[in-house]
Structure formats: C-alpha cells, structure tokens
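Asks: Below are the sequence and a predicted model for it; my questions follow.
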Amino acid sequence: MTLSQYVESYRFWEVVTQWARERLEHEHIVARVLAKGVLREGLRVNSVDPRWASVGTFELRGAPMLGYVTRQSDLRIFIRTVALAHLTSIVEKAGPPEPDFLRDEFISKQDLYAWLIRSHILPPSFWFDTPPQIKADILIRSPR
C-alpha cells in the first residue's frame, strides 16, 4: 500500500493530474469525467470541509458559495459559485478545464469511491488498493 492511499481528501485538480498520469490520458478528459460526475451523477466535491469548520460557524472566506444537490437523496455539497459555473461550462459547453477555477475544491476518498462504484469505473491505484473481487465486479457489471 502506498502512502497516498492513506490520504482522506485531495484537491480536485490533484485528482485530475494524478489519475490522468496513471491512465496516460490528457488531464482535460479526466476533468470532464469528474465534472460530469459532480453535475449529473452525484460525485461530491466541496469547497468547505465540514470536519474543519468551527461548530456553529460557516466560514466563506469572502467567496460566494451555494449548496448543491444532484439528486434529492444525496447529501448537499458546498461549492463556490465560480467553481460550479466553471464545472457547468466544462460539461454543457465543452469549455476547457482550468485548474485556477477549481483550486479550492476537494474530493474525499469516500465520496470518490462511492461514485466510482456506482459508475462502474475502476478506482485509481494512486489512491486505492482495489481488491481483485471489486475489479471483477466492476468489469462484469460495466455497461459495454
């Protein structure tokens, strides 16, 4: 097991660069898949980590934020309006992904894993030690 597999959350663009390097794909492709996951498939990305926020306060750091939910049964995410607008541009207008617009957003390991399993995508090895049984289940259930 690599040390990176102990990390609980990464910034959005760090996931993009590491996963793109692992898959030997362009960063824009990985960023588009993740952006689509956030907007349409329930991948949770946050600009504020509730674990680090003080009890009873919500620090906005001068950035307008909003709560966003993909599906009614999902937990709400808190994301900067600029980041949500940029993700929308990536998905709906095929705009180029820009790391500067996504610099403060992060993805937790647990949230990414849940989305990967729902989407039948093999977890990236830089972050997960995927047992052979999960690999087999994903490949068997994967839409062709």
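Replies: Alright, I've got the coordinates.
Asks: For beta bridges, what are the partners of the residue nearest the centre of the chain?
Replies: For the chain, the residue nearest the mean C-alpha position is I107 (4.5 Å; Cα atoms, centre = their mean). Beta-bridge pairing of I107 under DSSP bridges involves Y10.
Asks: That one: what's it in contact with?
Replies: Going by Cβ atoms under 8 Å, 6 or more residues apart in numbering, I107 touches 9-12, 15, 34, 43-45. The C-beta positions use only the backbone N, C-alpha and C, and glycine is treated the same way.
Asks: Secondary structure class of H86, three-state.
Replies: helix (DSSP: H, G, I helix; E, B strand; the rest coil).
Asks: what about this protein, any weak spots by pLDDT?
Replies: Residue ranges of the chain with pLDDT under 70: 1-5, 49-62, 130-144.
Asks: Can you give me the neighbour number for Q110?
Replies: 11 (other Cβ atoms under 10 Å).
Asks: For it, list the residues it contacts.
Replies: Counted by Cβ under 8 Å, 6+ apart, Q110 has contacts E8.
Asks: re earlier: quick one: the residue nearest to the centre of the chain and E14, what's the gap?
Replies: 9 Å (Cβ to Cβ, to the nearest Å).
Asks: do the same with V33
Replies: Taking Cβ to Cβ, one finds V33 at 15 Å from E14.
Asks: Show me the contact partners of stretch 36-47.
Replies: Under Cβ under 8 Å, 6+ apart, the answer for stretch 36-47 is 12, 34, 63, 65, 70-71, 74-75, 77-80, 83, 87-88, 91, 104-108, 111-112, 115, 118-119.
Asks: count of neighbours near L75?
Replies: Neighbour tally, L75, other Cβ under 10 Å: 10.
Asks: can you tell me which residues contact it?
Replies: 44, 69.
Asks: Where is the longest helix in the protein?
Replies: Longest among the helix segments of the chain by residue count, using DSSP state H, is helix 27-40.
Asks: how about the strands in the chain?
Replies: With DSSP state E, the ranges of strands along the chain come out as 9-11, 65-68, 77-80, 106-108.
Asks: so can I have a markdown table of the ones you listed showing distance to F126?
Replies: Output for those, formatted as a markdown table (distance: least, Cβ to Cβ, whole Å):
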| stretch | distance to F126 |
| --- | --- |
| strand 9-11 | 9 |
| strand 65-68 | 27 |
| strand 77-80 | 23 |
| strand 106-108 | 13 |
